[in-house]
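[1] Okay, here's the prediction I keep looking at, along with the sequence it came from:
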Amino acid sequence: MSTLIRHLKAVAAEKLITLGHHAQLTEAAQLLGRRGHDLVVICNDDELLAGVVTRTDIVSRIGECVGRTCTMPVADVMTREVVACRPDDTVEDVWQELHTRGLVHLPVIDHTTRPIGILSARDVLHALLQEVEYQEGLLRDYVMGVGYR
């Protein structure tokens with residue numbers, strides 16, 4: 001039995017922050033500062049995933065900006081080749097992707113690439129731990145003969 005990402009929908013949806021690709025970088029900075037998250041999902045005009053901007057992206061650009069460059073659009077800074085997961089992916093597969101690529105956050109998208117959430121490595125590890133504890137309980141019950149007569 002493997003947990004699917006769809007079971008983490010509420011956790012992922014709570015962390016979702018989106019902006020249109022015409023928004024200014026300062027808007028992304030304000031959202032991240034207010035919400036205490038590390039990733040903003042950037043959407044195109046059809047509200048589909050276009051890229052992501054991280055807190056690190058913002059800090060590195062703000063540190064360089066002078067005058068009008070502080071008002072650059074997020075589209076100039078965002079990562080366009082985004083690794084994302086879908087509701088039917090398994091928690092194990094998502095963890096492997098996070099671990100292999102050294103990512104901390106991963107957008108969750110639907111079948112049309114519309115963002116529906118953001119998962120952190122902590123969320124995924126927590127789900128994996130719950131899955132292991134559940135399987136451990138089943139094995140313990142089997143060995144002890146609980147529920148079998």
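    On my side now, so go ahead.
[2] Distance of the residue lying closest to Arg6 once chain neighbours are set aside relative to Glu136?
    Counting by C-beta to C-beta, 6 or more residues apart in numbering, Arg6 lies nearest to Pro87, which is 3.8 Å off, once chain neighbours are set aside. Yep, even glycine has a C-beta here, placed from its N, CA and C like the rest. Using C-beta to C-beta, to the nearest Å, Pro87 is found at 26 Å from Glu136.
[3] And the two? Which one has more around it.
    Higher neighbour count among Pro87 and Glu136: Pro87, with 17 against 10, using other C-beta atoms under 10 Å.
[4] Who are the contact partners of the more buried one?
    By C-beta atoms under 8 Å, 6 or more residues apart in numbering, the contact set of Pro87 is Leu4, Ile5, Arg6, Lys9, Val108, Asp110, Ile116.
[5] Kindly recompute the last result at 10 Å.
    Applying C-beta atoms under 10 Å, 6 or more residues apart in numbering to Pro87 gives the contacts 4-9, 12, 108-111, 116-117.
[6] of these, closest to Pro73?
    Within these, the smallest distance to Pro73 is 21.9 Å, found for Ile109 (C-beta to C-beta).
[7] related to what we said a few turns ago, assign the residue nearest to Arg6 to helix, strand or coil.
    Following DSSP: H, G, I helix; E, B strand; the rest coil, the label given to Pro87 is coil.
[8] For it, grab phi and psi.
    The phi/psi pair for Pro87 (degrees, to the nearest 10) reads phi -60, psi -30.
[9] go on, Asp89?
    When quoted as degrees, to the nearest 10, the phi and psi of Asp89 stand at phi -70, psi 150.
[10] Would you mind measuring from it to Met144?
    Relative to Met144, Asp89 is positioned 34 Å away (C-beta to C-beta).
[11] Neighbour count: those two, which is higher?
    Remark: of Asp89 and Met144, Asp89 carries more neighbours, 17 against 9, as counted by other C-beta under 10 Å.
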